[in-house]
Structure formats: structure tokens, C-alpha cells
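What would the 3D arrangement of this be:
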Amino acid sequence: MIAEDVADRYLIMGLENRTGNRAVIILARSFLNPGRTFANVMAFRAPWNRDTRLGLFGENGETRNKLLADYKAGIGPKPFTFERRSGWDQGVEFHRTYPKEAPIELAAFSVYESFLGGGSCIGGGGSGAARVSPTLQVVTEVSGCQILHMPQSNQSGDSLFYGGGLRWTPRAAQKFSPYAELLFGGRKVTHETDDPELQKKLMKEWNDGSGTSGHYPKREDWSVEVAHNGPSVAMGGGVDVV
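Okay, the predicted model is just below:
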């Protein structure tokens with residue numbers, strides 16, 4: 001866009017101050033400003049049209065040629081010069097009012113959970129919300145965390161929540177916007193137990209490819225993973241500062 005503005009101001013306008021040849025001006029306008037050309041075609045106008053300058057045909061064409069002849073003879077000013085254009089040029093003020101309620105909201109957050117049977121889980125997640133009305137949004141969320149305080153050091157686990165639902169925002173257009181939401185989805189909990197002694201044994205058998213093992217030991221060779229997936233419901237709320 002900037003390149004087209006530069007080309008129109010310094011190349012095309014400079015050319016129009018030197019020649020009245022319609023074919024040359026039409027080709028220069030059409031090919032040096034492809035964005036304007038396409039916009040004119042979509043508006044069902046001539047591709048070389050310019051709202052800020054005289055036309056090329058009819059009385060406008062004759063006036064253009066007279067101005068150009070006077071300028072070349074040194075008895076008239078330069079026919080075409082750049083002038084900053086405002087929205088008031090045609091009696092129209094370009095103004096758009098945006099809604100205060102955000103149509104789309106994306107959020108990232110940290111996660112901390114404490115389990116009833118002991119232990120905790122730390123991680124993060126993200127959510128996306130699309131507004132269907134000033135007071136209602138459709139929400140999707142995915143979050144996960146690493147389970148801490150496992151019974152033994154060779155054990156690990158993680159928890160993944162995924163779901164969607166509705167969020168109620170009664171004051172979405174105000175500075176302080178409280179909300180409440182209800183999500184339905186699922187939770188996947190994974191538990192993994194490593195066997196360090198078996199890992200050492202397999203690595204020794206591999207021996208950098210010169211041992212008795214036919215392949216490099218993979219994690220699944222010395223680790224057992226168990227995963228369970230089930231339904232989950234989440235309720236919550238908060239306050240947004242707009």
C-alpha cells in the first residue's frame with residue numbers, strides 16, 4: 001500500500017504533469033497501482049479511475065490538455081499536485097463504533113490443583129470464548145498439569161482437562177465484568193512407572209550398538225504407562241477488568 005502511494009504521488013502524477021497521452025496514463029495507473037485498479041473493478045468503475053484528479057475523456061480531457069499546455073508554456077501552475085485528503089472531502093465522515101463487549105476472547109493461565117487424597121498438580125492452560133450475545137459466550141478450554149508428590153521417585157503422572165460450555169457475563173460492557181461459567185468435557189489422567197535397574201541393564205546390553213541388544217532401548221522398554229479417561233464437569237467464575 002505504501003509503495004502504491006509512493007508510485008502514484010511521484011511516478012504517475014509526475015507523468016501526468018508531462019504528457020496528455022491517454023494510453024500512457026491509463027497503462028501507468030492500471031499497472032503501477034494494482035490495488036487501486038482491482039478496487040475500481042470491484043466497484044464497477046474504470047480501472048484507471050482517480051477520484052482526486054480530472055478524468056481523461058470528454059470535457060475533463062480537454063481541460064486537462066489546456067492546463068498541461070499552459071504549464072509547459074510557463075503561463076500556468078503545475079496541473080496536478082499532492083494534497084492531503086480527509087474524510088470530509090465528499091461530505092462524509094468515516095466513523096465506526098465498536099462494541100464494548102469483546103466478540104472473541106483468548107486467555108492463558110496457570111493451573112494449581114490439590115487432591116483430596118493428598119498431593120498437588122501444577123501446570124497451565126488456555127481458553128477461547130466467542131460471544132453469542134452481550135451476556136453469553138461459548139467457551140472451550142484445555143489445561144494440564146504435572147502431578148507432584150508421587151509415592152516413589154520412579155513414578156510420575158499428569159492430568160489433562162478438555163471441555164466446553166457457556167459463560168455468563170452480565171456486565172461485559174462495564175469496567176469490572178464478573179462472570180460465571182459451566183464446562184462439560186473430559187479428564188485424562190496418566191500414571192507412569194519407570195524401572196531404573198531395567199534401563200541400566202538394557203543400556204548395557206545395547207553397549208553403543210556393539211552389544212547383544214538389536215536396538216537402542218526405548219522408554220517403553222523400561223517404563224509402564226497407564227492412562228484413564230473419563231467425563232469431567234468444571235464450574236467457576238471471576239472478574240475481568242476491561
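
what residues does the worst-scoring helix or strand of the chain on mean pLDDT touch?
The helix or strand of the chain with the poorest confidence is helix 219-222; it has a mean of 83 (mean pLDDT, DSSP states H and E). Contacts to helix 219-222, defined as CB atoms under 8 Å, 6 or more residues apart in numbering, come from residues 194-196, 198-199, 202. Every residue, glycine included, has its C-beta placed from N, CA and C.

Could you do stretch 232-242 as well?
Counting by CB under 8 Å, 6+ apart, residues outside stretch 232-242 touching it are 100, 141, 161, 163, 165, 169, 172-187.

Please pick the buried ones from these.
141, 161, 163, 165, 169, 172, 177, 179, 181, 183, 185, 187 (16 or more other CB atoms under 10 Å).

what ranges do the helices span in this protein?
2-6, 13-16, 22-32, 34-42, 58-72, 196-206, 219-222 (DSSP state H).

any chance of the ones you listed in a markdown table, with distance to His228 and mean neighbour count too?
Below are those laid out as a markdown table (distance: least, CB to CB, whole Å; neighbours: other CB atoms under 10 Å):
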| stretch | distance to His228 | mean neighbour count |
| --- | --- | --- |
| helix 2-6 | 57 | 11 |
| helix 13-16 | 72 | 18 |
| helix 22-32 | 65 | 16 |
| helix 34-42 | 56 | 14 |
| helix 58-72 | 79 | 14 |
| helix 196-206 | 24 | 14 |
| helix 219-222 | 18 | 12 |
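
So for this structure, which residue is the most central one in space?
Against the mean C-alpha coordinate of the chain, by CA atoms, centre = their mean, the closest residue is Leu106 at 10.6 Å.

thinking again about what came up before, mind listing which of the contacts of stretch 232-242 are in strands?
Among the contacts of stretch 232-242, the members found in strands (DSSP state E) are 141, 161, 163, 165, 176-187.

which of these sit farthest apart?
The span of the ones in strands among the contacts of stretch 232-242, defined through CB to CB, is set by Phe176 and Gly186 at 33.0 Å.

Nearest to Cys145, out of the helices of the chain?
helix 219-222 (21.0 Å).

My read is that Trp48 contacts Phe31, right?
No. Trp48 is not in contact with Phe31 according to CB atoms under 8 Å; the separation is 9.8 Å.

between these two, what contacts are shared?
Thr37.

which residues touch Val111?
121-125, 143-145.

for Gly126, same thing?
Gly126 neighbours (CB under 8 Å, 6+ apart): 106-109, 141-143.

can we see that at 7 Å?
By CB atoms under 7 Å, 6 or more residues apart in numbering, the contact list for Gly126 reads 107-108, 142.

Sketch out the low-pLDDT regions of the protein for me.
Residues of the chain that meet the criterion pLDDT under 70 lie in 85-94.

please redo it, this time with the cut-off set to 80
Per-residue confidence for the chain (pLDDT under 80) gives these ranges: 83-98, 117-118, 207-215, 242.
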